[in-house]
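Undergrad: Would you be able to build a 3D model of this:
(one chain, ligands or ions: 1)
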Amino acid sequence: MRIAPFETEHFYAQYEFSTPHQLCNSDCESVSVAQLLTLSGQTPTDLGRLVLGYTESQGNPELRAAIARQYDTVTADEIVVLGSPVEGIYLAACAILEPGDEVVVLTPAYDALINLFEHITGKGNVKRWQFDANETAWTLDLDDLLELISPRTKLVVVNFPHNPTGYLPTAQMQQNLAQIIETNGLQLFCDEMYSGLVHSGTPAIPSAADASDTAIVLSGLSKTYGLPGLRCGWLVVRNEELRANIMNWKFYTSICPPAPTEFLSLAAMDVLGTLRDRNITRIEQNLELSTAFFERWPGLFEWRPPLAGSTALVGYKVPSVSAVAATLAEEAGVLIHPAVTLGSDDQHMRMGFGREAFGDALDRFERWLNGRRQ
Ligand SMILES: Cc1ncc(COP(=O)(O)O)c(C=O)c1O
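TA: Okay, here's the model as predicted:
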């Protein structure tokens, strides 16, 4: 059986480990195992004592309790620890949907949020709820969503903070969305992989898991906390029957979380605030550099600063960002991400601000641009 190409992951598989200077990563700066252990007051000996047996399939109870404490109203029983964050999208799609159901997905989006739902429901059954733009910001209109809902619609898929635009709704908008979901008897899948990355000046909103009894939430340690190599992700699923169905699917995909992941994730849970705050500081510094950069290139880029998250969607007035990205990687070793892989057009790039070496990569990009101007 075939599935649409996962364009974003194909792109990173080609470039991520061969292009030294990167401007587009969605994950924040990472730490070593030794740094994580030291930060959380543990030692390599503690890690060494870990026995590599099977683990509890729904996730280590202590880890689930620590995850539940990140929410106001969620219990440890309502958490399913995954084999990886992206697995949660597949499990939810399999457990919630049947062929012929319709799904509305906020677009552009991380490919899995479109392609996996389309894989289960069938071609044409995923409707795109598109962002609009004004001069300075990305905007979302709930009336556009209402127009996409049909009697066959079962699920609405959103991602807040949003990759790639950096959009975060207001609390009022979040409530209005929950109201639409409830009135139309739908289910909401909210991808909160970037949760907690809220920039100064942006009002924070609750998790969809706390704002609604029925929302299914995906989250994990990859982005906000800079630990993508841990592959730690979880779903919050309030409905017992749906949770049981998700667990049944999970027995076919990963059975139980890896023991080292659970050990190190538990260590990380003690220091989440420290890891997140460092990354917010780094993102804000890199956003300042970016704002200054875009002021120097007003005719070439359209800059809509993100409200939250680690990424932004930036207009780049060239015939093909994909072509520029390939040339730039080859000539200057600098990586930009053509947002066409995320369902945008080929005149946009995704930028990522969570990495330490961002400023150096931006300087190199600018030198390359200046070199082309002559
Ligand atoms: C919105 C969103 N959801 C899910 C994922 C998957 O996370 P992971 O790569 O840690 O499995 C990503 C990764 O880029 C993402 O951007």
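
Undergrad: from memory Ser200 sits against Glu284, does it?
TA: Yes - using C-beta atoms under 8 Å, Ser200 makes contact with Glu284 at a distance of 6.5 Å. Heads up, the C-betas are built off the backbone N, CA and C, glycines and all.

Undergrad: the more surrounded of the two?
TA: Glu284 (13 against 7; other C-beta atoms under 10 Å).

Undergrad: same question for stretch 356-374, mean pLDDT?
TA: Stretch 356-374 shows a mean pLDDT of 94.

Undergrad: what comes up buried for that stretch?
TA: By neighbour count on 16 or more other C-beta atoms under 10 Å, the buried set for stretch 356-374 is Phe358, Gly359, Ala361, Leu362, Arg364, Phe365, Trp368, Leu369.

Undergrad: Contact partners for the closest residue to the ligand within the stretch 151-300 of the chain?
TA: Nearest residue of the stretch 151-300 of the chain to the ligand, counting by C-beta to the nearest ligand atom: Ser222, 3.3 Å away. Ser222 is in contact with Asp27, Pro85, Met193, Pro228, Leu230, Arg231, Cys232, Gly233, counting by C-beta atoms under 8 Å, 6 or more residues apart in numbering.

Undergrad: can you pick the most crowded of those residues?
TA: Highest neighbour count within the contacts of Ser222: Cys232, with 29 neighbours (other C-beta under 10 Å).

Undergrad: what about stretch 305-316 and the ligand, touching?
TA: No - using C-beta under 6 Å from any ligand atom, stretch 305-316 stays clear of the ligand, coming no nearer than 8.1 Å.

Undergrad: ok so, going back, mind checking which of the buried residues of stretch 356-374 are in helices?
TA: Phe358, Gly359, Ala361, Leu362, Arg364, Phe365, Trp368, Leu369 (DSSP state H).

Undergrad: Could I get those residues in TSV, plus columns for distance to the ligand?
TA: Below are these laid out as TSV (distance: C-beta to the nearest ligand atom, whole Å):
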residue	distance to the ligand
Phe358	17
Gly359	22
Ala361	19
Leu362	21
Arg364	24
Phe365	22
Trp368	26
Leu369	27
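
Undergrad: Next, the contact list for Phe294, please.
TA: Phe294 touches Phe301, Trp303, Val314, counting by C-beta under 8 Å, 6+ apart.

Undergrad: Test my guess that the first one contacts Val318.
TA: No - using C-beta under 8 Å, Phe301 makes no contact with Val318, being 9.9 Å away.

Undergrad: who has more neighbours, these two?
TA: Phe301 (20 against 14).

Undergrad: Show me what the more buried one is bridged to.
TA: Tyr316 (DSSP bridges).

Undergrad: what's it in contact with, if anything?
TA: Phe294, Val314, Gly315, Tyr316, Lys317.
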